[in-house]
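>>> Sequence and predicted structure below; questions after.
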Amino acid sequence: MPSQLRFGEEDFLRCRFAISPLWETQDAVRTLRRPDRHGYHGPWLRRVRAAAAGLDLAPLWLLMPRRGSSPDWLSPPPLGPLTAFEDEIAAVRSADPAAARAETARSLACTPGALESARGRAWLADPVRMVRELADLLEAAWRVLVAPEWPRLRALLEADVAFHSRRLAEVGLGALLPELDARLSWDGRTLTLPQGRYARDLGGRGLLLMPSVFCWPDVITGFEAPWQPMLVYPARGIGGLWAEPAGRTPQALVRLLGRNRAAVLAALGEPATTTALAHRLRLAPSSVSDHLSVLRAAGLLTAARHGHQVLYARTPLGTALAAGAG
């Protein structure tokens with residue numbers, strides 16, 4: 001039996017998109033141990049293998065059962081559309097020890113023997129220390145596994161949110177939800193998901209929609225109070241996430257625009273920020289910013305603000321020019 005999330009009138013008004021570096025960190029840790037998630041991430045896995053070996057991730061893996069739940073206090077839903085990791089980890093560190101203990105006990109119960117293990121007993125005996133140690137480990141995992149790649153990851157996630165926000169304006173929430181993943185279905189009031197065996201009312205809290213790089217091939221839900229119910233789905237474009245820039249920009253485009261400006265236009269197959277383009281093309285952000293301004297003034301790009309970021313995308317003219325030059 002699939003799972004169902006039932007919408008009331010208030011829920012339609014309280015759906016939102018968000019991006020979470022904390023969630024990506026947790027799912028990066030989970031991906032290291034899940035061969036079924038490795039398909040799209042070979043280059044990343046090779047880059048982080050040596051550094052990841054220096055982390056003791058066993059405590060986090062113990063709270064990531066294949067069947068069952070992870071503690072919500074370790075991954076609270078982000079409050080804004082793009083919350084900084086520093087703010088998210090601060091929320092983890094400020095978790096109520098009693099609530100963290102109860103959630104951790106429920107998660108440990110999903111793994112045979114975990115509650116009775118030395119680590120499980122120590123956590124439940126001293127939840128203040130548990131919160132501190134697991135927050136420290138999450139922060140170390142962020143620095144090693146995700147932070148070096150965050151400009152690239154953030155660009156892909158922001159592009160997904162920008163695309164689906166446009167689709168929301170075009171077709172409405174009911175038509176958008178099944179587009180997030182082919183396994184989702186919608187009947188006007190109820191969203192049906194491929195896994196789990198539950199039926200829940202959203203209860204007027206709406207639904208937080210969150211794209212993820214590392215959750216593929218899963219669609220993940222969370223809904224325990226006091227957190228807003230959440231749907232995490234694989235982001236668009238992960239197949240090309242780790243692809244390096246093409247070795248050569250088309251020469252016709254180079255002759256028309258100049259090498260670096262042509263490279264910026266060619267790199268915008270998906271919307272991206274100035275920082276992400278600079279990282280991808282190995283150019284100074286100030287140089288990329290200048291090229292983007294010129295391309296936008298020429299009608300080849302558009303710019304749209306998402307939170308504190310500005311996403312640049314090719315106009316039809318810019319796409320035609322890039323494609324014709326290719």
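Now that the structure is in, tell me what you want to look at.
>>> which residue ranges form the strands in the stretch 151-300 of the chain?
185-186, 190-193, 199-201, 208-212, 220-222, 230-234 (DSSP state E, counting those that start in this stretch).
>>> strand partners of the first one, parallel vs antiparallel please.
Strand pairing for strand 185-186, determined by DSSP bridges: strand 190-193 (antiparallel).
>>> Next: the fifth one.
Using DSSP bridges, the strands paired with strand 220-222 in its sheet are strand 230-234 (antiparallel).
>>> got the contact list for the strand it pairs with?
Here strand 230-234 makes contact (Cβ atoms under 8 Å, 6 or more residues apart in numbering) with 5, 23, 77, 180-181, 184, 191, 193, 207-212, 215-223. Heads up, the C-betas are built off the backbone N, CA and C, glycines and all.
>>> now Leu277, nearest residue through space, not along the chain?
Val288 (5.0 Å; Cβ to Cβ, 6 or more residues apart in numbering).
>>> Between the strands of the stretch 151-300 of the chain, which one is closest to Thr273.
Of all the strands of the stretch 151-300 of the chain, strand 208-212 sits nearest to Thr273, with 15.4 Å by Cβ to Cβ.
>>> Low-confidence stretches in the stretch 1-150 of the chain?
1 (pLDDT under 70).
>>> swap that for the stretch 201-326 of the chain, please
In the stretch 201-326 of the chain, residues with pLDDT under 70: 223, 244-250, 306-308, 323-326.
>>> Ranking the strands of the stretch 151-300 of the chain by mean neighbour count, which comes first?
The highest mean neighbour count among the strands of the stretch 151-300 of the chain, using mean count of other Cβ atoms under 10 Å, belongs to strand 208-212: a mean of 24.
>>> What lies in contact with that strand?
15-20, 23-24, 27, 77-78, 157, 160-161, 164, 180, 220, 228-236.
>>> So what are the sheet partners of it and their directions?
Going by DSSP bridges, the partners of strand 208-212 are strand 16-17 (parallel), strand 230-234 (parallel).
>>> What residues are bridge-paired with the residue nearest the centre of the chain?
Against the mean C-alpha coordinate of the chain, by Cα atoms, centre = their mean, the closest residue is Ser212 at 3.0 Å. With DSSP bridges as the criterion, Ser212 is bridged to Pro234.
>>> now Ala313
Thr302.
>>> Contact partners for it?
Residues near Ala313 by Cβ under 8 Å, 6+ apart: 162, 268, 270-271, 301-302, 304.
>>> Any of those buried? List them.
Listed as buried from the contacts of Ala313 are 162, 268, 270-271, 301; burial here means 16 or more other Cβ atoms under 10 Å.
>>> Make JSON lines out of those and add distance to Arg121.
JSON lines is the format used below for those (distance: Cβ to Cβ, whole Å):
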{"residue": "Ala162", "distance to Arg121": "47"}
{"residue": "Leu268", "distance to Arg121": "54"}
{"residue": "Glu270", "distance to Arg121": "48"}
{"residue": "Pro271", "distance to Arg121": "49"}
{"residue": "Leu301", "distance to Arg121": "58"}
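>>> I'd like to know which of these are part of helices.
Mapping the buried ones among the contacts of Ala313 onto helices (DSSP state H) picks out Ala162.
>>> Nearest to Ala243 among the buried ones among the contacts of Ala313?
Relative to Ala243, and with distances defined as Cβ to Cβ, the nearest of the buried ones among the contacts of Ala313 is Glu270, at 11.2 Å.
>>> That closest one contacts Glu158, correct?
No: assessed by Cβ atoms under 8 Å, Glu270 is found out of contact with Glu158, at 9.5 Å.
>>> Can you give me the separation between Pro194 and Arg33?
22 Å (Cβ to Cβ, to the nearest Å).
>>> With Asp56 instead?
Where Arg33 is concerned, Asp56 sits at a distance of 13 Å (Cβ to Cβ).
>>> just Leu283 next, same as before
Counting by Cβ to Cβ, the gap from Leu283 to Arg33 is 36 Å.
>>> Between these two, point out the one with more neighbours.
Taking other Cβ atoms under 10 Å, Leu283 and Arg33 do not tie; Leu283 has more neighbours (18 against 13).
>>> Can you tell me, leaving aside adjacent residues, what's nearest to that one?
For Leu283, the spatially nearest residue (Cβ to Cβ, 6+ apart) is Asn260, at 6.2 Å.
>>> And the pLDDT for Arg154?
Arg154 carries a pLDDT score of 87 in this model.
>>> Give the full set of residues in contact with it.
Counting by Cβ under 8 Å, 6+ apart, Arg154 has contacts 19, 21, 82, 273, 276, 309.
>>> Recalculate using a threshold of 6 Å.
By Cβ atoms under 6 Å, 6 or more residues apart in numbering, the contact list for Arg154 is empty.
>>> what do you get for the one 5 residues further on?
When contacts are counted by Cβ under 6 Å, 6+ apart, Ala159 touches 270-271.
>>> can you do 10 Å?
Listed by Cβ atoms under 10 Å, 6 or more residues apart in numbering, the contact partners of Ala159 are 211, 235-237, 268-273, 276, 306, 311, 313.
>>> And for Arg34?
Per Cβ under 10 Å, 6+ apart, neighbours of Arg34: 27, 64, 66, 214, 217-218.
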